[in-house]
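Novice: Pasting a predicted model and its sequence here:
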Amino acid sequence: MSATNTLSGLTADQPGTTKLFNTGAPRPAFRLFVAVVILLILVALPFFLAPYPLSLAGRALAFGLLVVSVDLLTGVMGMPSLGQVAYFGAGAYTAGLVGIHLSSSGLVQLLIGTLAGAALALLTGAVAVRTAGIVFLMITLAIGELAHIGVDSLSVVGASNGLAGIPPVSVLPGGEPLTVPGYLYWWVLAVFVIGFCAAVILNRSPLGRSMRGVRDGELRLRALGQNTYSVKLIAYTIAGGVAGAAGTAWVAQTQFISPGDLGFDMAAFALLSVVLGGAGSLWGPVIGAGLVIFVRDWLGGYIEGRGTLLLGVVFVIAVYVLPRGVAGIKGRSLRRKSSDS
Amino acid sequence: MTTTDTSILDIRDLTLSFGSLTAVDRVTLRVDEGARHALIGPNGAGKSTLFGVLAGRLRATSGQIFFNGQDVTALSEAERARNGLVRTFQHSSLFLGMSVLDNVGLAVERSTSQPKRPWPSRRRDRAVTDAAMTHLESVGLLSRPSALCGALSHGERRQVEVAMVLACEPRMVLFDEPTAGMSVAETNRFAEIVESLPRKVTVVVVEHDLDIVFRLAERVSVLAAGKLIADGTPEEIRTNDAVQEAYLGTSSNEALFGAAS
Ligand SMILES: Nc1ncnc2c1ncn2[C@@H]1O[C@H](COP(=O)(O)OP(=O)(O)OP(=O)(O)O)[C@@H](O)[C@H]1O
Ligand SMILES: [Mg+2]
């Protein structure tokens, strides 16, 4: 019986094997085309949107990058986390402080904010990644809450009032401040694209493969001789850097950051976006993030702050309709196609 | 350190207890470098547990393990694997959500490249892929490198296991029932792979298929109820009364080894 299984498996796969590395995904050229089209739409948004929806789009992009960092841990490495808001906050507060005291350059703020996120992730991750599963989730929750309480009680960063008076960013040091909403949005979009590309590059690297190895069988990876602790810590640090970059984009967009922006609901919404979008795919969770911001801040605006409730409803529906998230739709249509042929 | 002569693996008084159950009971055994060694014994004899202790997944209750002249008793599983001591798993343990190529690629990458580099490198990654394809070719899985491991048949998964350990550049491989679930052709292919391994690679195989045992092994050890009850050439084991008694509860030579001769 097993022999016939082997045979039927082989013949079924035969047509796809003419190309050695056909992974069942669409052709790279096609993916590139879709990516360019989406990028062009995003770039063109300022020509169609009024200032308020445009600022919402900017915030969605910053939040989307935070979600990408959560997805690197949750989807790619298989370690669901609620702690990325801490590194998001580190990036945001650092960028704000740099903006007030040092330089209004977005590039400088991006660089220092990213490093701050990564450094804090390295410090806290050294303990956190020793754990797994629900313990890891709880520890990262604690990290997020500690960051929240920390800035809430720190008067140099405005305590519970938040950090106000952040000047508008310019791109280069001494450059023109980006006061036009469209230009500001483009800067946020640029940070998002840089961060997203970093995540894509990581995902295709040997470390990305090792991260998926941790997800699918950490013990097996150890049996191959891999020190999985260092894999997890490096990945955690990079994800912290991505979250830090997202924080700088958020501050550039809003010119304000308060403890509320790194609260538990932010962490929960980020994880929710990953689940909605499809953990493990990088673009799916970004769409999930857009959906979450749209429902909470846009639709929610029409029904008097019931955005969170509405999100709960969307989530329940999504789990039934799209069990594998937005990214699962593509896989489904592909599978249908292959069973037709 | 303290070992002499040609043995690569030197096990001394190794014991492992699960509570009151002593799964490995004061096992003392030497395996020569380059040996083709079989470990047999009835179900529940402790063969897989012994492999687990040797590979470092399980901590020995007492006793010592020397590998390649070095006391590795306190080393972690990953450290032992990096020293060249690897094993396959009785119940296939693969990265099921990843492709066949990625599974073997992880092993190649760990032993020959940079598994923690966070950006791709065309040349180096190409070399890893090529090496992984070579290993897949040797186990006969070249036709579908991009299939997900979770979609493979049982026998194919066993073959991926074999490709993975060989990709670790091992000095010693512990195969735990490698041919269980393989078809006749796949089993034969496995035997050919072991026969074609260079002599610098030492092989210990736990196997219930006695045809394979007598085809591959130059020396056979028998484990029963955690104890090593016999150790010798296949001929000596064939005619050993204690082995037959423990192994099948029968002293009939025919019942036990008839099929193999
Ligand atoms: N994790 C564990 N906890 C408790 N007892 C265990 C554990 N693993 C194995 N055992 C017991 O230890 C004994 C040896 O088991 P082991 O799997 O090593 O046998 P084996 O020789 O490999 O058998 P088989 O031929 O069936 O694979 C058995 O009695 C088993 O029930
Ligand atoms: Mg066993």
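Specialist: Arrived safely, thanks for sending. Ligands and ions are numbered 1, 2, ... in the order given.

Novice: Could you use CA atoms for every contact and neighbour count after this?
Specialist: OK.

Novice: Could you check which helix or strand contains the closest residue to ligand 1 within chain A?
Specialist: Using C-alpha to the nearest ligand atom, residue A:219 is the residue of chain A that sits closest to ligand 1, at 14.8 Å. Assigned by DSSP states H and E, residue A:219 falls within helix A:206-223.

Novice: The residue nearest the centre of chain A: what's it in contact with?
Specialist: Compute the mean C-alpha point of chain A, and by C-alpha atoms, centre = their mean the closest residue is residue A:68, 1.7 Å away. For residue A:68, the contact set (C-alpha atoms under 8 Å, 6 or more residues apart in numbering or on different chains) comprises A:196, A:199, A:242, A:274, A:282, A:285-286.

Novice: for these, which one is nearest chain B?
Specialist: Of all the contacts of residue A:68, chain B sits closest to residue A:199, with 9.6 Å by C-alpha to the nearest C-alpha.

Novice: Report how many residues lie close to that closest one.
Specialist: Using other C-alpha atoms under 10 Å in any protein chain shown as the criterion, residue A:199 is surrounded by 24 other residues.

Novice: Surely it is within a helix?
Specialist: Yes - applying DSSP: H, G, I helix; E, B strand; the rest coil, one finds residue A:199 inside a helix.

Novice: Which strand or helix spans the residue nearest to the centre of chain A?
Specialist: According to DSSP H and E, residue A:68 maps onto helix A:51-71.

Novice: ditto for residue B:102
Specialist: helix B:100-112.

Novice: cool, residue B:39 as well?
Specialist: strand B:36-40.

Novice: rewinding a little: any chance you could list what contacts the helix or strand just after the helix holding residue B:102?
Specialist: Stepping forward along the backbone from helix B:100-112, the first helix or strand reached (DSSP H and E) is helix B:122-139. Among residues not part of helix B:122-139, those counted as contacts by C-alpha under 8 Å, 6+ apart are A:206, B:101, B:104-105, B:108-109, B:112-113, B:142, B:145, B:159-160, B:162-164, B:166-167, B:189-190, B:193.

Novice: Mark which of those are buried, thanks.
Specialist: For the contacts of helix B:122-139, a burial check counting by 16 or more other C-alpha atoms under 10 Å in any protein chain shown picks out A:206, B:101, B:104-105, B:108-109, B:113, B:142, B:145, B:159-160, B:162-164, B:166-167, B:189-190.

Novice: buried set for the helix or strand where residue A:316 lies?
Specialist: Counting by DSSP H and E, the element that carries residue A:316 is helix A:307-321. Residues of helix A:307-321 classed as buried by neighbour count (16+ other C-alpha under 10 Å): A:307-308, A:310-311, A:315, A:318.

Novice: can you check stretch A:291-302 too?
Specialist: A:291-300.

Novice: Which ones among the residues you listed map onto strands?
Specialist: Helix and strand membership here follows DSSP state E; of the buried residues of stretch A:291-302, not one is in strands.

Novice: for the chain, which spans come out with low pLDDT?
Specialist: Chain wasn't specified; assuming chain A. A:1-26, A:304-305, A:330-341 (pLDDT under 70).

Novice: Not quite, go with chain B.
Specialist: Residue ranges of chain B with pLDDT under 70: B:1-5, B:247-261.

Novice: Please enumerate the strands of it.
Specialist: In chain B, the strands defined using DSSP E lie at B:7-18, B:21-32, B:36-40, B:62-67, B:70-71, B:85-87, B:172-176, B:202-206, B:219-224, B:227-232.

Novice: helices and strands around the fifth one, which ones?
Specialist: So the one you mean is strand B:70-71. The contact analysis (3 or more C-alpha pairs under 8 Å, 6 or more residues apart in numbering or on different chains; DSSP states H and E) places strand B:70-71 against no helix or strand.

Novice: Pull up the pairing partners for that strand, direction included.
Specialist: Here strand B:70-71 is paired, per DSSP bridges, with strand B:62-67 (antiparallel).

Novice: Which phi and psi values does residue B:178 adopt?
Specialist: Note on residue B:178: its backbone torsions stand at phi -60, psi -30 [degrees, to the nearest 10].

Novice: How many neighbouring residues does the closest residue to it other than its chain neighbours have?
Specialist: For residue B:178, the nearest residue in space outside its immediate sequence neighbours is residue B:158; the separation is 6.5 Å by C-alpha to C-alpha, 6 or more residues apart in numbering or on different chains. Using other C-alpha under 10 Å, residue B:158 has 29 other residues around it.

Novice: now the buried residues of helix A:307-321 in TSV, with distance to residue A:61?
Specialist: Compiled in TSV, these are given as follows (distance: C-alpha to C-alpha, whole Å):
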residue	distance to residue A:61
A:307	19
A:308	19
A:310	21
A:311	18
A:315	20
A:318	21
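
Novice: which residues does residue B:52 contact?
Specialist: Residues near residue B:52 by C-alpha under 8 Å, 6+ apart: residue B:58.

Novice: Minimum distance to chain B, which residue of chain A gives it?
Specialist: Nearest residue of chain A to chain B, counting by C-alpha to the nearest C-alpha: residue A:225, 3.9 Å away.

Novice: I'd guess that residue is in a helix, am I close?
Specialist: No - judged by three-state DSSP, residue A:225 forms no part of a helix; its state is coil.

Novice: Run through the residues that contact the residue nearest to it when sequence neighbours are not counted.
Specialist: Among residues not flanking residue A:225 along the chain, residue B:78 sits closest, at 3.9 Å (C-alpha to C-alpha, 6+ apart). Remark: with contacts taken as C-alpha under 8 Å, 6+ apart, residue B:78 is in contact with A:222-227, B:56.
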